[in-house]
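S.K.: Structure of the sequence below:
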Amino acid sequence: MTVKNLILPAVLGLVATALNAGEPDLAEDPFTIEQGMHEKKAASRPWSTRSPEELRAWSRNNLHRKLTAKKVIDAKAHPQWAWFRKSGLGLFLHWGPAAVPPNNGDAWAMVWSEHRAKHDLLKKPEDMFAVAKTWNPEKYDPEKWMQAAAKAGFGYAVLTTRHHDGYCLWPSEHGDWDTGDQMNGRDLVKDYVEACRKHGLRVGFYYSGPNWHFAYQQKDFSWPPVGINYKHEKVDADPPLAALMGYDPPLPGDLDRAEHEESARQVRELLTHYGPIDLWWWDGNSINTDKELAAIQPDIFVARGNIATPEGRHQGASENVKVTNEAHWWWELCRKSENNHTPNWHYGAVNETNHWDTNKFLSELVRCRSLGGNLLVNVTPRPNGEMMDWFYEVCDEMAEWMQHSSEAIYDVDLDAPLPTLDKTENYTTAKGQTWYSMSNNAGVIFIHDVQRPQSVTLLRTGDNLEHDFREGALRIVVPESMRTELPDMVKLVFAK
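M.R.: I've put the predicted structure just below:
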């Protein structure tokens, strides 16, 4: 046997071993590799073989409840709500006593759980409530917040008018746990509403159905409920302590009715004292029906409950919200603007450094829009009423990006089917025959099952981009010299 005949089988054996180990075949070009990856992923898509009705039933059995909605909204029957989906980007503002030192930003720190007890993360309710006696934010300036947010492309805001701790950010005539009793009648909600209107943002109110402060001595401060009182003592009460989140057991009859009546009257104040309110966001449980709210504010959009409102990275994973969109449900992703997970929805010192950069804000926005939904991103004001410095820096950079690329996220198609996860792994929005696709970290865009585009340009500059089109598949590479640190959107125009 010749030397050549000895070497060739050995080489072939090494190649076969590499292939069996899952290594890529270096003989294939990137186009072929990416095409194969797409075909492999297409085999496990729950929306591809089900009708919207079937998918809604499947979702209720297989997805988290916050990824499902109560109903399919008929957009044509409700033109007054069109602004919500068009806006696309909302500013969530968790602000209240939970942010005030020595509190650390986690309102749930007063609620006993095995995890919090084990890791010394508990704070007694009375200690957390105590800060409201002296809290009076001297640098509260919501107009500055909204001016920056409007330039950055935010279309609406949602303020925690009352969080689970029960503290009202306005001088309510009902109850004794509000700025009227604790802050000399100062109305923080009024300033917020006026700032939104001045800078063109739609006005949203968050309101917590649960009120942990009301008759708190008789409530179970554990979740799930195991019988922990407000002193964090295990008790054996008959009847059991009332659950915090509005589920059985309730407070004893008269107190339960009194709490609900107080909350209902507070809701009415919010809907009658501040002019037209665009958005209502329940948390925990609802105090009023949609019909009752509409009787006061006919055009108000009730988000939480009627639409899907997944929270966080896991619930809001692309495959999950793709199913929600294919089920014909409206959806809004609620995200904290933090890189590393904390329990904080309110301000804590860690929020000053543990935050998204501009690329993350915009990338997450493009992702949500490409999958037919909104992004409601939480940014936490400081206890004194200032917004964190980094927020203004991010807003300035977002404003610059919006000047050249906002057409990729506003007035886009939001009803299924949409290209993302069906025709491409790149986040891709569409306006009819015009698509906007975000390149990946390598500057690559790969799209399947399309016609040859009439034009392919970098949205930021208008420059034409070279592309490879083969048998209904399109591959584009944004040259490294043309890439930026923010999402590089490529505009594709197809023939009608």
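S.K.: residues in contact with the residue nearest to residue 62 when sequence neighbours are not counted?
M.R.: Nearest non-adjacent residue to residue 62, counting by CB to CB, 6 or more residues apart in numbering: residue 46, 7.5 Å away. From N, CA and C alone the C-beta is placed, and that goes for glycine too. By CB atoms under 8 Å, 6 or more residues apart in numbering, residue 46 lies in contact with 55, 58, 62, 323.
S.K.: Residue 46 belongs to a helix, doesn't it?
M.R.: No. Judged by DSSP: H, G, I helix; E, B strand; the rest coil, residue 46 forms no part of a helix; its state is coil.
S.K.: That one and residue 322, how far apart?
M.R.: The gap separating residue 46 from residue 322 is 9 Å, by CB to CB, to the nearest Å.
S.K.: got it, and residue 208?
M.R.: In terms of CB to CB, residue 208 sits 30 Å off from residue 322.
S.K.: mind listing what residue 263 touches?
M.R.: 209, 211, 287.
S.K.: Kindly report the same for residue 286.
M.R.: 209, 305.
S.K.: how about 10 Å then?
M.R.: 207, 209, 246, 267, 280, 292-293, 302, 304-305 (CB atoms under 10 Å, 6 or more residues apart in numbering).
S.K.: Which of these fall within helices?
M.R.: 267, 292-293 (DSSP state H).
S.K.: and which of those residues is nearest residue 140?
M.R.: residue 267 (23.3 Å; CB to CB).
S.K.: Determine the number of other residues adjacent to that closest one.
M.R.: When neighbours are counted by other CB atoms under 10 Å, residue 267 registers 24.
S.K.: And it, how far from residue 287?
M.R.: Counting by CB to CB, the gap from residue 267 to residue 287 is 5 Å.
S.K.: before we move on, what about residue 416?
M.R.: Counting by CB to CB, the gap from residue 416 to residue 287 is 33 Å.
S.K.: Which one of those two is surrounded by more residues?
M.R.: Between residue 416 and residue 287, residue 287 has the larger neighbour count (other CB under 10 Å), namely 24 against 19.
S.K.: from memory the more buried one sits against residue 305, does it?
M.R.: No. Residue 287 is beyond contact range of residue 305, at 11.9 Å (criterion: CB atoms under 10 Å).
S.K.: Assign residue 339 to helix, strand or coil.
M.R.: coil.
S.K.: That one: what's it in contact with?
M.R.: Contacts of residue 339 (CB under 10 Å, 6+ apart): 353-357, 360.
S.K.: ok, which stretches of the stretch 1-150 of the chain are helices?
M.R.: Using DSSP state H, counting those that start in this stretch, the helices found in the stretch 1-150 of the chain span residues 3-20, 30-41, 52-62, 82-87, 114-118, 125-130, 142-152.
S.K.: Report the buried residues of the third one.
M.R.: Residues of helix 52-62 classed as buried: 55-56, 59 (neighbour count, 16 or more other CB atoms under 10 Å).
S.K.: Among the residues you listed, which one sits closest to residue 276?
M.R.: residue 56 (32.2 Å).
S.K.: Apart from its neighbours in sequence, what residue is nearest that closest one?
M.R.: Closest to residue 56 by CB to CB, 6+ apart is residue 327, at 4.6 Å.
S.K.: you'd agree the one you found is up against residue 73?
M.R.: No. With contact defined as CB under 10 Å, residue 327 does not reach residue 73; the gap is 12.0 Å.
S.K.: Now for those two: what residues contact both?
M.R.: Contacts common to residue 327 and residue 73, judged by CB under 10 Å, 6+ apart, are absent.
S.K.: Let me see the domain layout of this protein.
M.R.: For the chain, automatic domain parsing gives the domain ranges 65-408, 428-493.
S.K.: Give me whichever of those domains is most buried.
M.R.: domain 65-408 (a mean of 19; mean count of other CB atoms under 10 Å).
S.K.: That one: how far from the chain's middle?
M.R.: 11 Å (CA atoms, centre = their mean, to the nearest Å).
S.K.: measure it end to end?
M.R.: 30 Å (CA to CA, to the nearest Å).
S.K.: Equivalent analysis for stretch 231-246, please.
M.R.: End-to-end for stretch 231-246, by CA to CA: 20 Å.
S.K.: Let me see the mean pLDDT of that stretch.
M.R.: Mean per-residue pLDDT for stretch 231-246: 92.
S.K.: what do you get for stretch 109-125?
M.R.: 96.
S.K.: follow-up on the earlier one: between residue 267 and residue 287, which contacts overlap?
M.R.: 207, 209, 293.
S.K.: Who are the contact partners of the last one?
M.R.: When you say that, I think you mean residue 293. Neighbour list for residue 293: 267-268, 271, 277, 280, 282, 286-287, 300-302 [criterion: CB under 10 Å, 6+ apart].
S.K.: farthest-separated two in those residues?
M.R.: Farthest pair in the contacts of residue 293, by CB to CB: 268 and 301, 18.1 Å.
S.K.: quick one, what contacts the closest residue to residue 479 other than its chain neighbours?
M.R.: Distance criterion CB to CB, 6+ apart; nearest residue to residue 479, sequence neighbours excluded, is residue 443 at 7.1 Å. By CB under 10 Å, 6+ apart, the contact set of residue 443 is 465, 476-480, 482-483, 488, 490.
S.K.: can we see that at 7 Å?
M.R.: Residues near residue 443 by CB atoms under 7 Å, 6 or more residues apart in numbering: 477-478, 480, 483.
S.K.: coming back round to it: quick check, nearest of the contacts of residue 46 to residue 367?
M.R.: residue 323 (15.0 Å).
S.K.: Is that closest one part of a helix or strand, or is it coil?
M.R.: Residue 323 is classified as helix under three-state DSSP.
S.K.: follow-up on the earlier one: return the subset of the contacts of residue 286 lying in strands.
M.R.: 207, 280, 302 (DSSP state E).
S.K.: Test my guess that the second one contacts residue 299.
M.R.: Put plainly, it is residue 280. No. Residue 280 is not in contact with residue 299 according to CB atoms under 7 Å; the separation is 11.1 Å.
S.K.: before we move on, back to that, which one of the contacts of residue 263 is nearest to residue 381?
M.R.: residue 211 (22.1 Å).
S.K.: Quickly find the element holding that closest one.
M.R.: Residue 211 is part of no helix or strand, with elements assigned from DSSP states H and E.
S.K.: which residues does residue 397 contact?
M.R.: Here residue 397 is in contact with residue 358 (CB under 7 Å, 6+ apart).
S.K.: ok so, going back, just the contacts of residue 443 now: which is nearest residue 448?
M.R.: Taking the contacts of residue 443 together and measuring to residue 448 by CB to CB, the closest member is residue 477, at 16.3 Å.
S.K.: Could you list everything that closest one pairs with in the sheet?
M.R.: With DSSP bridges as the criterion, residue 477 is bridged to residue 444.
S.K.: Run through the bridge partners of the closest residue to residue 482 other than its chain neighbours.
M.R.: Once flanking residues are discounted, residue 482 sits nearest to residue 458: 6.0 Å by CB to CB, 6+ apart. Bridge pairing for residue 458 (DSSP bridges) gives the partners residue 490.
S.K.: Strands of the stretch 301-450 of the chain, start to end?
M.R.: 301-302, 332-336, 374-378, 428-431, 434-438, 444-447 (DSSP state E, counting those that start in this stretch).
S.K.: Looking at those, spot the one closest to residue 312.
M.R.: strand 332-336 (6.6 Å).
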